[in-house]
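Enquirer: Sequence plus the predicted model coming up.
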Amino acid sequence: MQTDYQNTHNRVSLAGLEPLITARWSPRAYLDTPVTQDELALVFEAARLSPSCYNEQPWRFYTSTDASYDHFLELLVEGNQAWAKSAPVIGFVVASRNFERNGKENVHAAFDTGSAWMAMSLQARALGLYTHGMGGIHYDRVYTALGLDPDADQVICGFTLGHVDPAGAEELSARKPREAIWTAVS
Ligand SMILES: Cc1cc2nc3c(=O)[nH]c(=O)nc-3n(C[C@H](O)[C@H](O)[C@H](O)COP(=O)(O)O)c2cc1C
């Protein structure tokens, strides 16, 4: 397992922050180094252990293989295809809309699936890998391609997974100040 996640892309941040947090960012250039089956298993193991309302675990992840890669790539909007084609793995994140326990709508499904996405993204970084989420996908076509029922399943986003190409590093996205997202109410 690589432990180089305190990389050159670290953001200026508060001392004491967990290094994996600052080491995660979303690249648009990947090396052609494949992602191994063992790495994939660990990434989705992290997703599996995420918290969820009623422990429903509404998340599902679909990843490309050599056989489906070109098909998966075509499900992205052109702007994303342009860079995502360098990634060795393309995937889609899906949430089950309804509770398995009673069939009622699970309004927390997307929230819970987001936490699983973050867990897998941080596990990826711990392995030396990177993820990049994509809302720019042809949603209708993803439902069809994956055989999903829009009444039962919500396609959340696409993603790429792989080893970053350092030559394609971009400026990191800015963040709101902490005061803008956290209010201690007294
Ligand atoms: C659900 C979701 C959808 C996104 N959609 C796209 C996209 O379609 N294309 C793209 O280039 N980046 C996309 N992004 C990446 C964001 O722009 C990026 O996460 C944000 O700017 C923060 O940067 P960072 O992830 O490098 O920290 C998406 C991210 C998420 C979580």
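Expert: Thanks, I have it.

Enquirer: Tabulate the CA atom coordinates of the lengthiest helix in the chain in CSV.
Expert: For the chain, the helix with the greatest residue count under DSSP state H is helix 109-126. What follows is helix 109-126, C-alpha atoms only, in CSV (Å, rounded to 0.1, in the frame of the first residue of the first chain):
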residue,chain,number,x,y,z
ALA,A,109,-30.7,7.6,0.3
ALA,A,110,-28.7,10.2,-1.6
PHE,A,111,-27.1,11.5,1.6
ASP,A,112,-26.0,8.0,2.6
THR,A,113,-24.7,7.2,-0.8
GLY,A,114,-22.6,10.4,-0.7
SER,A,115,-21.0,9.2,2.5
ALA,A,116,-20.2,5.9,0.8
TRP,A,117,-18.7,7.8,-2.1
MET,A,118,-16.5,9.8,0.2
ALA,A,119,-15.3,6.7,2.0
MET,A,120,-14.4,5.0,-1.2
SER,A,121,-12.6,8.2,-2.4
LEU,A,122,-10.5,8.4,0.7
GLN,A,123,-9.7,4.7,0.6
ALA,A,124,-8.7,5.2,-3.0
ARG,A,125,-6.3,7.9,-1.9
ALA,A,126,-4.8,5.7,0.8
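
Enquirer: next one: the helix or strand just after that helix to chain centre, how far?
Expert: Using DSSP states H and E, the next helix or strand after helix 109-126 towards the C-terminus is strand 130-134. Taking C-alpha atoms, centre = their mean, to the nearest Å, one finds strand 130-134 lying 5 Å from the centre of the chain it belongs to.

Enquirer: by how many degrees do strand 130-134 and helix 109-126 diverge?
Expert: 150 degrees (axes from the mean of the first three to the mean of the last three C-alpha atoms, to 10 degrees).

Enquirer: Which residues does strand 130-134 contact?
Expert: Residues from elsewhere that reach strand 130-134 (C-beta atoms under 8 Å, 6 or more residues apart in numbering): 24-28, 30, 76, 80, 84, 87, 93, 117, 120-121, 124, 157-164. The way it works is simple: take the backbone N, C-alpha and C, and place the C-beta from them, glycine included.

Enquirer: Residue 91 looks like it's in a strand, true?
Expert: Yes: assessed with DSSP: H, G, I helix; E, B strand; the rest coil, residue 91 lies in a strand.

Enquirer: From here on, call the first residue 47.
Expert: In the new count, where the first residue is 47, that last one comes out as residue 137.

Enquirer: excluding its backbone neighbours, what's nearest it?
Expert: Closest residue in space to residue 137, ignoring its immediate chain neighbours: residue 109 at 4.2 Å, by C-beta to C-beta, 6 or more residues apart in numbering.
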